[in-house]
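[1] Pasting the sequence and the predicted model now:
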Amino acid sequence: MLRPLQNIFDPADYPDLLVGLDDPDDAAVWRLEDDKALVVTTDFFTPVVDDPYDYGAIAAANALSDVYAMGGQPFLALNVAALPPDLPHELLGEILRGGAEKARQAGVVIAGGHTIQDKEPKYGLIVVGFVNPQRMLTKGGACSGDLLVLSKPLGFGTTTTALKRGLAQPEDVAEVVAWMQRLNKTACELAVEFGLRGGTDITGFSLLGHAWEMAEASGVGLRFHLERIPFTRGARRYADEFIFPGGSSDNRLYYGEHIEFEAGIDEASQMLLFDAQTSGGLLLATPPDVLPRLLQKAGRLGQELWVVGEVTQGDHIQVLKE
């Protein structure tokens, strides 16, 4: 679909475009000065939860996450929305309020935007931030020997799909909503403070999909340990019933050839690692000598971090049981 665009923009013509045309990263980066660049991204999607306020807040957190995944700090946003005219105005207002209050929590101002009418709600943000090009995170920044640190658990896709099918427990939904609304701001600030260079956020392409993008961009292999990976409490139950969004199966089909699972890892566990996430956490490549101080500071700030694997030499991803 995008092949007709491949020769329109030559990266050589845009020397200040530091990240964009040739890179699989989370946002475009345009250099303003040697130590200052703009980070620009957009993201929007249809509802993943029933409550309109929660939907708006999750969509905003998800869009903001792409700036945090680059080590940037967002400051400006625009709404992008398609809203059904037959829905009560108060519901549509709650979507926008949820997004606005989440943006304000991030220190971001929403200064307008654009809306159209459509049969199904769609909402998100265009986000602009600043980043120091010498300190930004990229998918190509992982080095062999780094440890892999994750800032949110997995299980959002399977749980929200169970919700759509009327099969989710209320407490499971409340848990994933809280995680999806959580900003990646603190995790990003920690990554920059401790000089990390490799990172991405875990969204629709799943843990393994986004991990493969990092491995390929960095020219390394990755190894995950299943027992160290955190999951939301209902995730395993819904996975055992094979309740997944369609994107999770697409992820397995597309990325599966790059993944080597240790014998004995069952299909439900494999699918949880391919599960399409919304507003997931950051996956950070962390030098071993930095890790103790990073975890200590994160603990003081109340930021959960899990060490889930390591960066290896090679060109594929391994998943071990332990």
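    Received it, and whenever you're ready, just let me know what you need. Worth saying up front: this structure is predicted, and the values here are computed from it rather than measured.
[2] For the rest of this, base every contact and every neighbour count on C-alpha atoms.
    OK.
[3] Which parts of the protein are strands?
    In the chain, the segments counted as strands under DSSP state E are 17-19, 28-33, 36-45, 73-83, 109-117, 122-131, 147-150, 198-201, 221-225, 259-261, 282-286, 306-312, 317-320.
[4] Tell me the strands beside the third one, with direction?
    Taking DSSP bridges as the criterion, strand 36-45 pairs within the sheet with strand 28-33 (antiparallel), strand 122-131 (antiparallel).
[5] again, but for the fifth one
    Note on strand 109-117: by DSSP bridges, its sheet partners are strand 73-83 (parallel).
[6] So which residues make contact with the partner strand?
    Strand 73-83 has contacts (Cα atoms under 8 Å, 6 or more residues apart in numbering) with 39, 44, 64, 67-68, 92, 106-131, 185.
[7] Mind doing that once more with 6 Å?
    Contacts of strand 73-83 with the rest of the structure, by Cα atoms under 6 Å, 6 or more residues apart in numbering, involve 108-118, 121-130.
[8] Only C-alpha atoms, please: export that strand in CSV.
    Included here for strand 73-83 are C-alpha records, laid out as CSV according to Å, rounded to 0.1, in the frame of the first residue of the first chain:
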residue,chain,number,x,y,z
GLN,A,73,8.7,15.6,26.5
PRO,A,74,5.4,16.5,24.9
PHE,A,75,4.1,20.0,25.2
LEU,A,76,1.4,20.6,22.5
ALA,A,77,-1.4,18.4,21.1
LEU,A,78,-4.3,18.6,18.7
ASN,A,79,-7.5,16.5,18.8
VAL,A,80,-8.2,14.1,16.0
ALA,A,81,-11.8,12.8,16.2
ALA,A,82,-14.5,11.1,14.2
LEU,A,83,-17.8,11.3,16.2
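[9] thought residue 154 was touching residue 233?
    No: counting by Cα atoms under 6 Å, residue 154 does not reach residue 233; the two are 9.7 Å apart.
[10] ok, these two, which is more surrounded?
    Ranked by neighbour count (other Cα atoms under 10 Å), residue 154 and residue 233 place residue 154 first, with 30 against 16.
[11] Pull up the gap between the more buried one and residue 236, please.
    When distances are taken as Cα to Cα, to the nearest Å, residue 154 and residue 236 turn out to be 10 Å apart.
[12] Determine which stretch of the strands of the chain is the most buried.
    Relative to the other members of the strands of the chain, strand 198-201 carries the highest mean neighbour count by mean count of other Cα atoms under 10 Å, namely a mean of 30.
[13] tell me the mean pLDDT for that strand?
    For strand 198-201, mean pLDDT rounds to 96.
[14] picking that back up, mean pLDDT lowest for which of the strands of the chain?
    Between the strands of the chain, the lowest average pLDDT goes to strand 17-19, which shows a mean of 93.
[15] How far does it sit from its chain's centre?
    Using Cα atoms, centre = their mean, to the nearest Å, the distance from the centre of strand 17-19 to the centre of the chain it belongs to is 20 Å.
[16] Residues contacting it from elsewhere in the structure, which ones?
    28, 29, 30.
[17] pretty sure the second one contacts residue 36?
    So that's residue 29. No: checked against Cα under 6 Å, the pair residue 29 and residue 36 is beyond contact range at 9.9 Å.
[18] ranges for the helices of this structure?
    Chain-ordered helices for the chain, with DSSP state H as the definition, fall at 52-68, 89-105, 156-164, 170-181, 185-193, 206-218, 235-240, 246-255, 267-273, 291-301.
[19] what sits up against the shortest one?
    Around helix 235-240, the neighbours that count as contacts under Cα under 6 Å, 6+ apart are 155, 268.
[20] What are the buried residues along it?
    Of all the residues in helix 235-240, those buried under the rule 16 or more other Cα atoms under 10 Å are 235, 236, 238, 239.
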